[in-house]
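# predicted coordinates and the sequence they were generated for:
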Amino acid sequence: MSDLPRKAVTRTAKLAALPLGIAGRATWGLGKRIVGESAEIVSRELQQRTAEQLFKILGELKGGAMKFGQALSVFESALPEEVAGPYRAALTKLQDAAPPMPTRTVHGVLEDRMGADWRELFLEFEDKPAAAASIGQVHRAVWHDGREVAVKVQYPGAGEALLSDLGQLSRFARLLGPLIPGMDIKPLINELRDRVSEELDYALEAQAQAAHAAEFSGDPDVVVPGVVHQCDQVLVTEWIDGIPMSEVISDGTPEQRDRAGQLLARFLFSGPARTGLLHADPHPGNFRLLPGGPDGDEDWRLGVMDFGTVDRLSGGLPEPIGVSLRVTLDGDAQAVYELLCAEGFVKDSIELDPDAVLDYLMPIIEPARVDTFTFTRSWMRNQAARVADPRSPAYQLGKRLNLPPAYLLIHRVTLSTIGVLCQLGATVRLREELEEWLPGFVLEDEMAEEPAEEVAEDVTEELAEEVPAAEA
């Protein structure tokens with residue numbers, strides 16, 4: 001097998017085959033219909049062939065193409081069931097595996113980055129990769145002090161490939177858009193491209209992972225492997241076993257699904273509050289379910305890996321998110337609208353009906369309205385269909401809302417996490433996590449007796465005062 005394809009013409013040709021293949025299969029499907037096969041059978045075969053080609057090419061190219069595929073994979077629960085079926089197996093496969101680098105290439109990178117005597121740093125090193133991802137692959141090894149470790153080796157030319165792939169994919173965004181109803185694919189691709197430089201920098205990743213490992217050391221719920229060694233294009237961390245989240249999704253017991261979902265929600269909201277960092281790549285391949293707590297109890301814990309993409313949030317998630325959610329739950333349309341305007345979700349040139357905005361938001365925040373909520377694919381599909389149907393008021397209003405750049409990554413992480421919760425079918429006490437970890441969701445005692453509208457005005461005034469200072 002050859003190295004990661006690096007020549008632009010090679011990668012462009014592979015990606016260009018996607019729209020050509022889609023067109024060809026459409027013609028094939030029309031032919032099948034003409035000779036009398038049912039629309040349902042033809043549609044399923046067409047979807048399956050499309051999925052097979054799409055994810056085969058993305059997996060072979062790795063780089064930005066595979067990163068895009070992983071980002072899409074968490075949204076499969078939004079697809080109508082008759083469409084999701086053929087895609088699900090291909091998406092799950094993409095989350096955890098990809099064609100590996102040749103052994104000689106791996107050894108070459110290790111020698112270049114760790115020195116000619118790199119083998120002396122390990123008691124054992126497995127040449128066969130344990131996992132392959134978008135910009136690197138992981139090998140299991142034993143460090144010279146006896147610790148089991150994961151050695152992440154970056155693909156040569158990964159940065160060049162990432163930028164090339166994402167540039168090409170942005171041209172095909174309109175064709176790929178129907179994969180996920182209600183989602184504009186192009187901003188997702190652009191945002192992924194903006195994160196390339198950070199994810200390629202293993203020093204930044206090591207810093208983010210070390211911060212999480214220190215904060216969650218001994219935690220009863222979350223396990224983050226410590227950083228053992230880092231150099232350019234190589235990152236060595238402690239090894240963790242466990243059940244891959246993709247296996248919990250496909251074969252887990254109800255108890256495992258619920259526990260995994262609860263811990264995933266807890267990590268999403270507690271991580272920024274405890275570390276000032278948001279893990280921004282929450283696809284199932286980055287999580288494990290580990291048996292037993294630090295004291296030997298039988299509760300499952302969540303193992304978290306891959307901190308290559310993080311959002312830096314000093315002070316945790318932005319307080320306006322919690323305040324907006326709180327006043328939305330209270331049903332105060334005017335207060336919600338003013339907060340959204342103050343944060344830039346409604347542009348100055350746009351005027352919307354506050355009650356319509358509240359009606360748009362209420363179904364989305366349903367999981368926060370109750371003590372426990374069961375996330376399901378059908379709920380996710382209903383939400384996607386509601387905002388994707390051009391005939392619906394929600395679709396028309398959603399087109400007029402804006403997503404400020406500061407919230408783009410938070411929005412994607414939240415949607416991705418909800419997608420995984422729906423894949424799990426987990427029953428989660430989400431409100432409990434919001435009350436514990438989301439700034440602004442629970443009002444301070446001195447504010448608790450104020451009407452929600454006054455609270456919103458106070459927050460809006462504070463934000464207005466902060467903006468000039470920040471700009472200065």
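Cool, the structure landed. Numbers count the residues shown, from 1 in each chain.

# poorly predicted segments of this structure, please.
1-99, 133-134, 161-196, 293-298, 444-472 (pLDDT under 70).

# what about 80?
1-100, 132-135, 157-198, 292-298, 388-390, 405, 443-472 (pLDDT under 80).

# where exactly do the strands run in it?
122-125, 131-132, 136-143, 148-154, 222-223, 227-231, 234-238, 243-244, 277-279, 287-291, 300-304, 310-312, 373-374, 427-428 (DSSP state E).

# turn these into JSON lines, including distance to Ala213 and mean neighbour count.
Every C-beta, even on glycine, is put in place using the N, C-alpha and C of the backbone. Compiled in JSON lines, the strands of the chain are given as follows (distance: least, CB to CB, whole Å; neighbours: other CB atoms under 10 Å):
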{"stretch": "strand 122-125", "distance to Ala213": "21", "mean neighbour count": "15"}
{"stretch": "strand 131-132", "distance to Ala213": "19", "mean neighbour count": "20"}
{"stretch": "strand 136-143", "distance to Ala213": "15", "mean neighbour count": "20"}
{"stretch": "strand 148-154", "distance to Ala213": "13", "mean neighbour count": "22"}
{"stretch": "strand 222-223", "distance to Ala213": "9", "mean neighbour count": "21"}
{"stretch": "strand 227-231", "distance to Ala213": "7", "mean neighbour count": "18"}
{"stretch": "strand 234-238", "distance to Ala213": "8", "mean neighbour count": "22"}
{"stretch": "strand 243-244", "distance to Ala213": "20", "mean neighbour count": "18"}
{"stretch": "strand 277-279", "distance to Ala213": "12", "mean neighbour count": "23"}
{"stretch": "strand 287-291", "distance to Ala213": "14", "mean neighbour count": "20"}
{"stretch": "strand 300-304", "distance to Ala213": "10", "mean neighbour count": "23"}
{"stretch": "strand 310-312", "distance to Ala213": "13", "mean neighbour count": "20"}
{"stretch": "strand 373-374", "distance to Ala213": "31", "mean neighbour count": "17"}
{"stretch": "strand 427-428", "distance to Ala213": "25", "mean neighbour count": "20"}
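
# how about the ones you listed, which one is nearest Asp332?
Evaluated with CB to CB, those place strand 373-374 nearest to Asp332, the distance being 22.0 Å.

# helices or strands next to the closest one in the packing?
Here strand 373-374 touches strand 427-428, going by 3 or more CB pairs under 8 Å, 6 or more residues apart in numbering; DSSP states H and E.

# each with direction, which strands does the strand it packs on pair with?
Using DSSP bridges, the strands paired with strand 427-428 are strand 373-374 (antiparallel).

# which residues sit against the partner strand?
366-367, 425-428, 430 (CB atoms under 8 Å, 6 or more residues apart in numbering).

# can you tell me which of those residues lies closest to Val310?
Using CB to CB, Leu430 is the member of the contacts of strand 373-374 that lies nearest Val310, at 22.3 Å.

# burial count for the closest one?
27 (other CB atoms under 10 Å).

# hmm, Glu366 and it touching each other?
No - using CB atoms under 8 Å as the test, Leu430 is too far from Glu366 to be in contact (9.9 Å).

# tell me the contacts of Phe125?
Taking CB under 8 Å, 6+ apart as the test, what Phe125 contacts is 119, 139, 141-142, 151.

# if I look at it, how far off is Arg140?
8 Å (CB to CB, to the nearest Å).

# which residues are common contacts for the two?
Val151.

# hmm, back to that, out of the strands of the chain, which comes closest to Thr105?
strand 148-154 (8.7 Å).

# got the CA positions of that closest one in CSV?
Provided in CSV are the C-alpha atoms of strand 148-154 (Å, rounded to 0.1, in the frame of the first residue of the first chain):
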residue,chain,number,x,y,z
GLU,A,148,1.7,0.7,28.3
VAL,A,149,1.4,3.6,25.9
ALA,A,150,-0.3,4.8,22.7
VAL,A,151,2.1,6.3,20.1
LYS,A,152,0.4,8.7,17.7
VAL,A,153,2.4,9.2,14.5
GLN,A,154,1.4,11.9,12.1
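
# can you check what angle separates it from strand 234-238?
Strand 148-154 runs at 160 degrees relative to strand 234-238, counting by axes from the mean of the first three to the mean of the last three CA atoms, to 10 degrees.

# tell me what angle strand 148-154 forms with strand 136-143.
150 degrees.

# contact partners of strand 148-154?
101, 106, 109-110, 125, 130, 135-143, 200, 202, 225, 228, 233-240, 305.

# return the backbone torsion pair for Glu126.
phi -90, psi 120 (degrees, to the nearest 10).

# how far away is it from Ala384?
For Glu126 relative to Ala384 (CB to CB), the value is 41 Å.

# higher neighbour count, these two?
Ala384 (19 against 12).

# before we move on, the earlier item: with distance to Asp258 as extra columns, can I get the strands of the chain in CSV?
Shown next, in CSV, are the strands of the chain (distance: least, CB to CB, whole Å):
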stretch, distance to Asp258
strand 122-125, 37
strand 131-132, 26
strand 136-143, 28
strand 148-154, 28
strand 222-223, 16
strand 227-231, 31
strand 234-238, 27
strand 243-244, 14
strand 277-279, 21
strand 287-291, 11
strand 300-304, 10
strand 310-312, 27
strand 373-374, 9
strand 427-428, 5
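
# so which of those strands gets nearest Val413?
strand 277-279 (6.1 Å).

# adjacent strands (with direction) for the closest one?
Strand 277-279 is paired, per DSSP bridges, with strand 310-312 (antiparallel).

# other residues contacting the strand it pairs with?
198, 208, 272, 276-280, 409-410, 413.

# try it again with 6 Å
When contacts are defined by CB atoms under 6 Å, 6 or more residues apart in numbering, strand 310-312 is touched by residues 208, 277-278, 280, 409.

# now for the residues you listed, which pair is the farthest apart?
It's Ala208 and Leu409 that sit farthest apart of the contacts of strand 310-312, by CB to CB, at 13.6 Å.

# looking at those two, which is more packed in?
Between Ala208 and Leu409, counted using other CB under 10 Å, Ala208 has the larger neighbour count: 24 against 19.

# wait, the more buried one sits on Asp306?
No - if you go by CB atoms under 6 Å, Ala208 and Asp306 don't touch, sitting 9.9 Å apart.
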